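**Student:** what follows is a predicted protein model with its sequence.
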Amino acid sequence: MADEIHLVEKSRIMDAARMKRALSRLASEIVENNQGAKDLYLVGIRRRGVPLAERIADKIEALEGERPLYGILDITLYRDDLSTVGANPVVNRTELKDDIEGKKIILVDDVLYTGRTIRAALDQLMDFGRPKRVQLAVLIDRGREHRELPIQADFIGKVVPTKQTEIIKVMLKEYDDVEAVGIFERP
Amino acid sequence: MDKPYQRRDLLGIRDLTAAEIIGILDTAENFREISDREIKKVPTLRGKTVINLFFENSTRTRTSFEIAAKRLSADAVNISVSSSSVSKGETLLDTALNLDAMAPDCIVVRHSSAGVPHQLAKVSRAAIVNAGDGANEHPTQALLDAMTIREHKKKIQGLEIAIIGDIIHSRVARSNIHLMTKLGAKVRVAGPGTLVPGDFQYLVDKNLQVCPNLEQAIKGADVVMILRIQRERQDSAYFPTLREYAIHYGLTNERLKLAKKDAIVLHPGPMNRGIEISSEVADSSRSLILDQVKYGVAVRMAVLYLATGGSMGSN
């Protein structure tokens, strides 16, 4: 993470208030699309999908009076880029305490870019059982032209067309000093 | 601390830093959950080949490495001495070069001579994992012991750890002495005078103390590690009889009372019940022998992952 120091923020696309509104809308769309909170199971993808999934779960509970199930996926062991050089990615724990069988899974991640993370998450999910359906919610979609796999989001906070050289950072109070989304670039 | 473990070979605990040891243990923690899943398998090492090259008998360690490799989707091949060319006169170096020519990604090796994994590491392109070399080291055993202790004591720093038995022949003792002292525990060893080198403490660490008897070593200990009496190595007269050993160095409930109230008991297996450990201790709730075996799989998954796994790609 040492190279983060050299990134320059080009523009800020969300502040805390806008992020909160976007998450509220995502929560509403999810329950509307699924006719309520019954059998809903929110699964956050480490790292930043985790607090986002938790916040959406809070909002769904406020809307429906019923809290959806909640879990965490760590996709490290399902990555397709474990090559033979360099350092190993740090493995974290997957926590799916409740059975996913027959549930309506909402995968939650901060940014949808190439789609490879979601592919890994889907593969891992299927190793845990057979959900009724799986949908994808992301705070930021960087645009379809970056996709390397046929994967699209069902619920999107904001579409932000970006260049490949740009980096989208979702900053959350759980990990960062601020609550914001910014576009960064190497100078 | 992003990359606490950069080594490919795991030859011994002696070569590792405290940060590297903790890095392996933390990784192992996160592998535990996989063994509780209905489908106990992740695709991480798909297409990688792990050779278990065992020149010495072992059921537990070999099975544990094999299960660990398979749960990571690696192809595991077991070679034991009885079925290998060694019995036909091939030298160790030739065996290693031949295996290497088949391009394995990792070779897990056990041998009755100290230093064999280190020799293999010099000639092989595969990552070498030491599964026990003579009386030198057995690093994954010490790591799984550490994991068991961490689980029950939440830390290793500052603990008093007694190791009882045949210290001189024990690679388990050596690896554990290195590991526990590196992580800040105090280690006390005891056993028959013939099986405990008196000058041991000067060779290893100031946190290692050689005690004249079992009682002194156990007194106030948080962890009591019992070593197996290696009956197959007892052809020379280290002590008169097994019975006498049991009388002086067997861990009984009575002796365990000297340790802390919440002390835990470890044994690397296989146990000689009634000799180094009484059945009442072995079967009590303080004995964590089966936990050790359980954590062994997670530790070996972590070690194989770190030995053969790759880099964090750009995303």
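**Tutor:** That came through fine. Residues are numbered from 1 along each chain as shown, chains lettered A, B, ... in the order given.
**Student:** which stretches of chain A form helices?
**Tutor:** A:16-33, A:49-64, A:116-128 (DSSP state H).
**Student:** state the distance from the nearest residue to B:Val116 once chain neighbours are set aside to B:Leu120.
**Tutor:** Leaving aside its sequence neighbours, B:Val116 sits nearest to B:Asp133 (Cβ to Cβ, 6 or more residues apart in numbering or on different chains; 5.2 Å). Placement of C-beta: from N, CA and C, glycine included. If you measure B:Asp133 against B:Leu120 using Cβ to Cβ, to the nearest Å, the figure is 10 Å.
**Student:** one more: A:Gln152?
**Tutor:** Taking Cβ to Cβ, one finds A:Gln152 at 49 Å from B:Leu120.
**Student:** next one: B:Ser175
**Tutor:** Between B:Ser175 and B:Leu120 the distance is 18 Å, computed by Cβ to Cβ.
**Student:** with B:Lys40 instead?
**Tutor:** Plainly put, B:Lys40 is 30 Å away from B:Leu120 if you go by Cβ to Cβ.
**Student:** when the two are compared, which one has more neighbours?
**Tutor:** Neighbours per residue, other Cβ atoms under 10 Å in any protein chain shown: of B:Lys40 and B:Leu120, the larger number sits with B:Leu120, 26 against 13.
**Student:** which positions within the one helix or strand the more buried one maps to qualify as buried?
**Tutor:** Using DSSP states H and E, B:Leu120 maps to helix B:116-123. Neighbour-count burial for helix B:116-123 flags B:Val116, B:Pro117, B:His118, B:Gln119, B:Leu120, B:Ala121 (criterion: 16 or more other Cβ atoms under 10 Å in any protein chain shown).
**Student:** mind putting those residues into CSV with pLDDT?
**Tutor:** Below are these laid out as CSV (pLDDT from 0 to 100):
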residue, pLDDT
B:Val116, 94
B:Pro117, 96
B:His118, 96
B:Gln119, 93
B:Leu120, 93
B:Ala121, 93
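**Student:** so which of those residues would you say is closest to B:Ala101?
**Tutor:** Nearest to B:Ala101 among the buried residues of helix B:116-123 is B:Leu120, at 13.7 Å by Cβ to Cβ.
**Student:** surely that closest one and B:Ile107 touch.
**Tutor:** Yes. When contacts are counted by Cβ atoms under 8 Å, B:Leu120 is listed as touching B:Ile107 (6.4 Å).
**Student:** circling back: of the helices of chain A, which is nearest A:Asp109?
**Tutor:** helix A:49-64 (4.1 Å).
**Student:** let me know the average pLDDT across the closest one.
**Tutor:** The average pLDDT for helix A:49-64 rounds to 96.
**Student:** how about residue 24, what does it touch?
**Tutor:** No chain was given, so I picked chain A. Counting by Cβ atoms under 8 Å, 6 or more residues apart in numbering or on different chains, A:Ser24 makes contact with A:Lys59.
**Student:** try again with chain B
**Tutor:** Neighbours of B:Ile24 in contact, by Cβ under 8 Å, 6+ apart: B:Tyr5, B:Leu16, B:Leu143, B:Val299, B:Ala302, B:Val303, B:Leu306.
**Student:** the last one and B:Gly47, how far apart?
**Tutor:** When distance is defined by Cβ to Cβ, B:Leu306 is 17 Å away from B:Gly47.
**Student:** which one of these two is surrounded by more residues?
**Tutor:** Ranked by neighbour count (other Cβ under 10 Å), B:Leu306 and B:Gly47 place B:Leu306 first, with 24 against 9.
**Student:** now the strands for the stretch 201-315 of chain B?
**Tutor:** In the stretch 201-315 of chain B, the strands defined using DSSP state E, counting those that start in this stretch lie at B:208-210, B:223-226, B:264-266.
**Student:** ok, whatever residue of the stretch 101-250 of chain B ends up closest to chain A - contacts?
**Tutor:** Residue nearest to chain A within the stretch 101-250 of chain B (Cβ to the nearest Cβ): B:Asp105, separated by 8.0 Å. By Cβ under 8 Å, 6+ apart, the contact set of B:Asp105 is B:Leu45, B:Lys48, B:Thr49, B:Val50, B:Ala74, B:Ala126, B:Ala127, B:Thr308.
**Student:** quick one: end-to-end length of stretch A:166-184, please.
**Tutor:** 6 Å (Cα to Cα, to the nearest Å).
**Student:** so where's chain A shaky on pLDDT?
**Tutor:** Counting by pLDDT under 70, chain A contains low-confidence ranges at A:1-5, A:81-89.
**Student:** of the contacts of B:Asp105, which pair is most distant in space?
**Tutor:** The span of these, defined through Cβ to Cβ, is set by B:Leu45 and B:Ala126 at 13.0 Å.
**Student:** can you give me the distance of B:Leu45 to B:Ala68?
**Tutor:** In terms of Cβ to Cβ, B:Leu45 sits 10 Å off from B:Ala68.
**Student:** any residues in contact with both of those two?
**Tutor:** B:Leu304.
**Student:** contact residues of the stretch 51-200 of chain B facing chain A?
**Tutor:** Proximity of the stretch 51-200 of chain B to chain A (Cβ under 8 Å from any Cβ of the partner chain) is limited to residues B:Leu72.
**Student:** just the helices in the stretch 51-200 of chain B please.
**Tutor:** Secondary structure of the stretch 51-200 of chain B, counting by DSSP state H, counting those that start in this stretch: helices at B:60-71, B:92-101, B:116-123, B:139-153, B:171-182, B:200-204.
**Student:** A:Ile168 is nearest to which of those?
**Tutor:** Nearest of these to A:Ile168, taken as Cβ to Cβ: helix B:60-71 at 35.0 Å.
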